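Peer 1: Pasting a predicted model and its sequence here:
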Amino acid sequence: MINAMPKTSDRVFNATMQVLENNFACQRKKIVLTLQSPRLNQIHFHTLHHWKATMEEAKALIETGFEYVTDMENIKLFRKRK
């Protein structure tokens, strides 16, 4: 059904980066007010990018035979399975 619609742009969402950033900031502000957690204001697009990369690296380690042990000073520790 979606493929039958006329294609007017190469983009999926026809918005500029500035529009996306403003929308993200507005949604973040709503969440901060709802949850009363000002630390959420520290989350940016860049933060999400690094978080996703970290999760993919951890998944790759587990797939290659390492196992998750614990967190120590905000660092995830893995060890090789015996």
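Peer 2: Done, it's in.
Peer 1: Tell me where the model's unsure across this structure.
Peer 2: Judged by pLDDT under 70, the chain has no weakly predicted residues.
Peer 1: can you pull out the helices in it?
Peer 2: 17-35, 45-63 (DSSP state H).
Peer 1: With mean neighbour count and distance to F78 added, can I get those helices in JSON lines?
Peer 2: C-beta coordinates here come from the backbone N, C-alpha and C atoms, glycine included. Listed next are these as JSON lines, based on neighbours: other Cβ atoms under 10 Å; distance: least, Cβ to Cβ, whole Å:
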{"stretch": "helix 17-35", "mean neighbour count": "11", "distance to F78": "32"}
{"stretch": "helix 45-63", "mean neighbour count": "11", "distance to F78": "5"}
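Peer 1: ok, N74 to L48 distance?
Peer 2: Note on N74: its distance to L48, by Cβ to Cβ, to the nearest Å, is 17 Å.
Peer 1: Excluding chain neighbours, what is closest to L20?
Peer 2: F13 (7.7 Å; Cβ to Cβ, 6 or more residues apart in numbering).
Peer 1: How about the backbone phi and psi for that neighbour?
Peer 2: phi -110, psi 120 (degrees, to the nearest 10).
Peer 1: count of neighbours near it?
Peer 2: 7 (other Cβ atoms under 10 Å).
Peer 1: again with S9
Peer 2: S9: 7 surrounding residues under other Cβ under 10 Å.
Peer 1: now the residue nearest to L20: how far from P38?
Peer 2: Where P38 is concerned, F13 sits at a distance of 29 Å (Cβ to Cβ).
Peer 1: repeat for S9
Peer 2: Between S9 and P38 the distance is 37 Å, computed by Cβ to Cβ.
Peer 1: swap in I2?
Peer 2: 39 Å.
Peer 1: These two: which is more packed in?
Peer 2: Neighbours were counted for I2 and for P38 using other Cβ under 10 Å; P38 has more, 9 against 4.
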